[in-house]
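Participant: Here's a sequence, model it:
(chains A and B)
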There are 2 protein chains.
Amino acid sequence: MASTDKPSDLEYASSSTPSAPKGFDYFKFDVILRFLLFAASLVAVVVMVTSNETELVLYKGRPVPQPAKFRYSPAFVYFVAAFSVSGLYSIITTLASLSVIKKPELKTKLLLHFIFLDALILGIVASATGTAGGVAYVGLKGNKHVGWLNICNVYGKFCKHTGGSIAVALFGTIVTVFLIWLSAYNIHTRIPK
Amino acid sequence: MASTDKPSDLEYASSSTPSAPKGFDYFKFDVILRFLLFAASLVAVVVMVTSNETELVLYKGRPVPQPAKFRYSPAFVYFVAAFSVSGLYSIITTLASLSVIKKPELKTKLLLHFIFLDALILGIVASATGTAGGVAYVGLKGNKHVGWLNICNVYGKFCKHTGGSIAVALFGTIVTVFLIWLSAYNIHTRIPK
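Facilitator: Presented below is the predicted three-dimensional model:
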């Protein structure tokens, strides 16, 4: 991140208000990042849920309609559950972050709780992205060693939705890492030199 | 974690040495957790790499020896790569953590860097655990909707190794979450009340 020499200048600049915590107000960036996490979670869940597709597949010599749904795979169900949680979490924490912008005395304690919860959410969303990505890769490429056929030549729309959803989810995971970095850096600027 | 009322007592207890940072020395727990992460990473990689198994499988009516190896699946290759990185990282940071136990003036800056890097490592190991877990679950249960057969009835040893490795990896991921919590709480105790 940025160099650690900066806070001393900022500390000097805000020294006229002794009750306010030292340093630049990073809570605006926090709100923006949390809103991005909310948007990414919402898009990931909506795109995954709307991936249903029915195609005619040969079964015993005759074509039968065979649907592909996200809930046929436990990996995608976990993905939707995890990003529903992170979407809800990001709404609550955006509101919490907005509510303390005017209350500097609560910020330090909130930052600590943000790091605790963000680390937990990072574990959940990163593993969900990995799980869905692993299964989607098998769907895309197959695995000839164990005879798992790729399905993306049949279910084109389903694969596009799944892939797009996972890409957005990866973005959301990276945003969560940045949220932890921002909170940690923010809490670090409050320590006197 | 623990209540935030404690640091004030500890602050009082250590007020006789003004140059030392306030609060109990959490670096011992940090070293223990980092060593646990190293052990978990090592076990996860070794158990996954030694999962090779060759079984006779019917192919065109006659039994042929068919091996199962972790490197046949990109998910397991990513898993091994990620936990090799986290193992190496945990050695380096254990040494870094040990080296500052006697140097309190470097601790605050090191804690910030630890949170930055731990968050990155958490993203990597959580997604790797998820990826391998997602593919291993397909191997265990199969997926009848897309005709992917379960392989654990044939490759028993391979599945036991893979499952054990993922369980240890999950433990390592949880340890990484605790590492972030510990660093965040430690850095929080350095802020004057």
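Participant: Please enumerate the strands of chain A.
Facilitator: Counting by DSSP state E, chain A has these strands, from start to end: A:53-59, A:62-68.
Participant: can you tell me which of the ones you listed comes nearest to residue B:118?
Facilitator: Closest of those to residue B:118 is strand A:62-68, at 38.4 Å (criterion: Cβ to Cβ). Every residue, glycine included, has its C-beta placed from N, CA and C.
Participant: Okay, now the sheet partners of the closest one, with direction.
Facilitator: Next to strand A:62-68 in the sheet, as set by DSSP bridges, lie strand A:53-59 (antiparallel).
Participant: Just the buried positions in the partner strand, please.
Facilitator: Buried residues in strand A:53-59, defined by neighbour count with 16 or more other Cβ atoms under 10 Å in any protein chain shown: A:53, A:55, A:57.
Participant: ok, so of those, who is nearest residue A:170?
Facilitator: residue A:53 (22.6 Å).
Participant: Give me the below-cutoff pLDDT ranges for chain A.
Facilitator: Within chain A, the stretches with pLDDT under 70 are A:1-24.
Participant: mind listing the helices in it by residue range?
Facilitator: A:6-13, A:27-49, A:74-99, A:104-141, A:156-189 (DSSP state H).
Participant: Using JSON lines, lay out those together with distance to chain B.
Facilitator: Converted to JSON lines, the helices of chain A look like this (distance: least, Cβ to the nearest Cβ, whole Å):
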{"stretch": "helix A:6-13", "distance to chain B": "11"}
{"stretch": "helix A:27-49", "distance to chain B": "13"}
{"stretch": "helix A:74-99", "distance to chain B": "4"}
{"stretch": "helix A:104-141", "distance to chain B": "3"}
{"stretch": "helix A:156-189", "distance to chain B": "4"}
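Participant: Residue B:62 is nearest to which of the ones you listed?
Facilitator: Nearest to residue B:62 among those is helix A:104-141 (27.8 Å), distances taken as Cβ to Cβ.
Participant: Give me the distance from the closest one to the chain's centre.
Facilitator: With Cα atoms, centre = their mean, to the nearest Å as the basis, helix A:104-141 stands 6 Å off its chain's centre.
Participant: so what secondary structure elements neighbour that helix?
Facilitator: Contacts defined by 3 or more Cβ pairs under 8 Å, 6 or more residues apart in numbering or on different chains; DSSP states H and E place helix A:104-141 against helix A:27-49, helix A:74-99, helix A:156-189, helix B:74-99, helix B:104-141, helix B:156-189.
Participant: mind running it again at 6 Å?
Facilitator: Counting contacts by 3 or more Cβ pairs under 6 Å, 6 or more residues apart in numbering or on different chains; DSSP states H and E, helix A:104-141 is packed against helix A:74-99, helix A:156-189, helix B:104-141, helix B:156-189.
Participant: Which of the residues in that helix are classified as buried?
Facilitator: Of the residues in helix A:104-141, A:107-108, A:110-139 count as buried by neighbour count, 16+ other Cβ under 10 Å.
Participant: can you check stretch A:26-39 too?
Facilitator: Buried residues in stretch A:26-39, counted by 16+ other Cβ under 10 Å: A:26-27, A:29-31, A:33-39.
Participant: CA atoms only for it, dumped as PDB, please.
Facilitator: Extracted C-alpha coordinates of stretch A:26-39, given in PDB (Å, rounded to 0.1, in the frame of the first residue of the first chain):
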ATOM      1  CA  TYR A  26     -10.400   6.300   5.000                       C
ATOM      2  CA  PHE A  27     -14.100   5.500   5.800                       C
ATOM      3  CA  LYS A  28     -15.200   7.000   2.400                       C
ATOM      4  CA  PHE A  29     -13.000   4.400   0.600                       C
ATOM      5  CA  ASP A  30     -14.400   1.800   3.000                       C
ATOM      6  CA  VAL A  31     -18.000   2.600   2.000                       C
ATOM      7  CA  ILE A  32     -17.100   2.500  -1.700                       C
ATOM      8  CA  LEU A  33     -15.400  -0.900  -1.400                       C
ATOM      9  CA  ARG A  34     -18.200  -2.300   0.700                       C
ATOM     10  CA  PHE A  35     -20.700  -1.100  -2.000                       C
ATOM     11  CA  LEU A  36     -18.600  -2.700  -4.700                       C
ATOM     12  CA  LEU A  37     -18.600  -6.000  -2.700                       C
ATOM     13  CA  PHE A  38     -22.400  -5.700  -2.400                       C
ATOM     14  CA  ALA A  39     -22.700  -5.100  -6.200                       C
END
